[in-house]
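Enquirer: Sharing a model that was predicted from the sequence below.
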Amino acid sequence: MAAPNIETIVSLAKRRGFVFPSSEIYGGLGSSWDYAPLGVELANNVKAAWWRWMVYERDDMEGLDSSIILNRKVWKYSGHEDTFSDPLVDCRNCQNRMRADKLDLPAGFASIEEAIRHKAVKCTNCGETDLTEPRPFNLMFRTQIGAASAEDDPNALAYLRPETAQGIFINYLNVQTAMRRKLPFGIAQIGKSFRNEVTPGNFIFRTREFEQMEMEYFVRPGEDDAALNFWVKACFDWYARLGINPDNLKLYEQPKKELAHYAKRTVDILYRFFPERDDETKRWDELMGIANRTDFDLKTHSKKPEDAEGKRLNPDSTEDLSYFDEASKERFYPFVIEPAAGVNRSVLAFLMDAYTERETDKGEKRVILKLHPQLAPIKVAVLPLAKNKPEIVGMARTLKHQLQPHLRAVYDDTGGIGKLYARQDEIGTPFCVTVDHESLEDEAVTVRDRDTWEQQRVKIGELRNHLMKRLKN
Ligand code: ATP
């Protein structure tokens, strides 16, 4: 079977209630999406799995939930006010907007600017070559605090955060002191971020409002290279453990010229989001990035000037975010390794990788979403074989109620059993439990497996343990 493309997932997502276009009854809102009943379960499960792995299963991790709107000075010293921009290009013919860094550089030109000047670059929409020179466009969403408009009063200007990381850096000292942490340790955070993207699109791959799972890992200078390698492998393995085929993942070492101003080294984990594209290199795009942010952030937010030229002089901060090492009696700024993943891109990758098709004995095509049981929106569906038999329906409803405090269970009697199974396969439910005529006699039900379609008779008294055990395995 050919790998599914994003369009297959868009259609499944709308039809089966994973993701809906946002503001749809008013014509939508450019590349905004809402998580529907099954999508919110899937996204919550992805976040819970990440949090469990990142925070609970480690000894060196704390969690945090910082504000979306921060003091504007955070974004001044982080560099976002000056540099968080994409190079924007307009087509004078059709007004299409493009990112210069995403346009193909034609052969024979040293830069995209030069190629645009020589009319060698085509608009991605109309094909004309009358394009403007690239100009920086800041991606931060502006808002205002209080009643004064930001135009009249610069102090009223604020931004919606474009990354969750800065909320961690400005809380670094509070967390370290309150939790009595010693290096190395990390702070993890999940939350919304906002970027006024020039070219959002490809479903939930690139949106203007999205969610991030970020962790900042603080280490001694000199231990940063090994820590980066550790987190690259750990993150890759996390996706693979949760069901992504490793052949659909690959590492990308960012070349020096692509590195952000704060980064010493960055490795992206790419996923094969676009298998239908002719050009092999264009089939892959970023799922997450792991960056060595050096000591840039802690230094830049510290009140002390650090270098001779006074480059990082910060007269606005009230704290020095350096670290005192009791053992060596040295004071220094920790280096930071940042694994930064997108919830939305992770959800998309998990959906794409889980999508499979299978033929029934009668030659009908069935879609099976082979999601990892931890991620599946619904863990078990309880189905009555005959909905006109009150005893069977009653028993099925009771079973659903007994299971629901322990795992996400649903009851469905809106079709024949074949149709009900097919529906659950399509949304990735690992198990269906069927109550039939015999159940009334033998106090047992049929448990059907999503992936093998095998059925097993299980005593009602053992059902919960049976399901829990199989879900864990
Ligand atoms: P890209 O190059 O695709 O714009 P980025 O390198 O700017 O991404 P980071 O700043 O490293 O992204 O953010 C970390 C992660 O957050 C990304 O790997 C991605 O999963 C997610 N992310 C970033 N921007 C968006 C967006 N506009 N929509 C959805 N997810 C995003």
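Expert: Looks like it came in fine. Numbering: from 1, shown residues only.

Enquirer: Quick one: the helices in the stretch 1-150 of the chain, in order.
Expert: 6-15, 37-51, 72-78, 80-83, 112-117 (DSSP state H, counting those that start in this stretch).

Enquirer: what angle separates the helix ranked longest in the chain from helix 37-51?
Expert: In the chain, taking DSSP state H as the definition, the longest helix is helix 224-241. Angle of helix 224-241 versus helix 37-51, following axes from the mean of the first three to the mean of the last three CA atoms, to 10 degrees, is 140 degrees.

Enquirer: Could you dump the helices of the stretch 1-150 of the chain into a markdown table with mean neighbour count, mean pLDDT and distance to Leu251 added?
Expert: Yep, even glycine has a C-beta here, placed from its N, CA and C like the rest. A markdown table is the format used below for the helices of the stretch 1-150 of the chain (neighbours: other CB atoms under 10 Å; pLDDT from 0 to 100; distance: least, CB to CB, whole Å):
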| stretch | mean neighbour count | mean pLDDT | distance to Leu251 |
| --- | --- | --- | --- |
| helix 6-15 | 17 | 95 | 22 |
| helix 37-51 | 19 | 98 | 19 |
| helix 72-78 | 19 | 95 | 27 |
| helix 80-83 | 15 | 94 | 26 |
| helix 112-117 | 18 | 94 | 26 |
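
Enquirer: one step back: buried ones in the longest helix of the chain, by neighbour count?
Expert: Judged by neighbour count using 16 or more other CB atoms under 10 Å, the buried positions of helix 224-241 are 224, 227-228, 231-232, 235-236, 238-239.

Enquirer: Which of the helices of the stretch 1-150 of the chain sits closest to the ligand?
Expert: Nearest of the helices of the stretch 1-150 of the chain to the ligand, taken as CB to the nearest ligand atom: helix 80-83 at 10.9 Å.

Enquirer: about what we covered before: give me the contacts around the longest helix of the chain.
Expert: 50, 53, 184, 217, 219, 246, 249, 251, 264-265, 267, 269, 287-288, 290, 292, 294, 335-337, 339, 341, 346, 349 (CB atoms under 8 Å, 6 or more residues apart in numbering).

Enquirer: try stretch 264-273
Expert: 3, 6, 202, 205, 224-225, 228, 232, 235-236, 239, 244, 248-254, 258-260, 283-294, 345, 348-349, 352.

Enquirer: go again using 6 Å as the cut-off
Expert: 232, 236, 248-254, 259, 283-292, 294, 349 (CB atoms under 6 Å, 6 or more residues apart in numbering).

Enquirer: Put the buried members of these into a PyMOL selection.
Expert: With 16+ other CB under 10 Å as the burial test, the buried ones among the contacts of stretch 264-273 are selected in PyMOL as follows:
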select buried, resi 232+236+248+249+254+283+284+285+286+287+288+289+290+291+292+294+349
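
Enquirer: Would you check how far apart Phe324 and the ligand are?
Expert: Separation of Phe324 from the ligand (CB to the nearest ligand atom, to the nearest Å) stands at 31 Å.

Enquirer: wait, is that residue part of a strand?
Expert: Yes - with DSSP: H, G, I helix; E, B strand; the rest coil as the criterion, Phe324 is assigned to a strand.

Enquirer: if we can go back for a sec, return the member of the buried residues of helix 224-241 nearest to the ligand.
Expert: Proximity of the buried residues of helix 224-241 to the ligand (CB to the nearest ligand atom) peaks at Cys235, which lies at 10.6 Å.

Enquirer: Any chance of JSON lines for the buried residues of helix 224-241, columns pLDDT and distance to Pro106?
Expert: JSON lines is the format used below for those (pLDDT from 0 to 100; distance: CB to CB, whole Å):
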{"residue": "Asp224", "pLDDT": "98", "distance to Pro106": "39"}
{"residue": "Ala227", "pLDDT": "98", "distance to Pro106": "40"}
{"residue": "Leu228", "pLDDT": "98", "distance to Pro106": "35"}
{"residue": "Trp231", "pLDDT": "98", "distance to Pro106": "37"}
{"residue": "Val232", "pLDDT": "98", "distance to Pro106": "34"}
{"residue": "Cys235", "pLDDT": "98", "distance to Pro106": "36"}
{"residue": "Phe236", "pLDDT": "98", "distance to Pro106": "35"}
{"residue": "Trp238", "pLDDT": "98", "distance to Pro106": "39"}
{"residue": "Tyr239", "pLDDT": "98", "distance to Pro106": "35"}
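
Enquirer: Need these in a markdown table (columns: distance to the ligand).
Expert: A markdown table is the format used below for those (distance: CB to the nearest ligand atom, whole Å):
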| residue | distance to the ligand |
| --- | --- |
| Asp224 | 18 |
| Ala227 | 18 |
| Leu228 | 14 |
| Trp231 | 14 |
| Val232 | 13 |
| Cys235 | 11 |
| Phe236 | 13 |
| Trp238 | 14 |
| Tyr239 | 12 |
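
Enquirer: how is this protein carved up into domains?
Expert: Split into domains by automatic domain parsing, the chain comes to 6-69+163-352, 86-135, 378-472.

Enquirer: Would you tell me which of these gets closest to Lys76?
Expert: With CB to CB as the criterion, Lys76 lies closest to domain 6-69+163-352 of those, at 7.8 Å.

Enquirer: my hunch is that Tyr159 is in a strand, does that hold up?
Expert: Yes - according to three-state DSSP, the state of Tyr159 is that of a strand.

Enquirer: give me the number of residues near it?
Expert: By the measure other CB atoms under 10 Å, the count of residues near Tyr159 is 21.

Enquirer: and the residue nearest to it when sequence neighbours are not counted, what does it touch?
Expert: Sequence neighbours aside, Met140 is the residue nearest to Tyr159 in space, at 4.4 Å (criterion: CB to CB, 6 or more residues apart in numbering). Residues in contact with Met140 (CB under 6 Å, 6+ apart) are 84, 159, 162.
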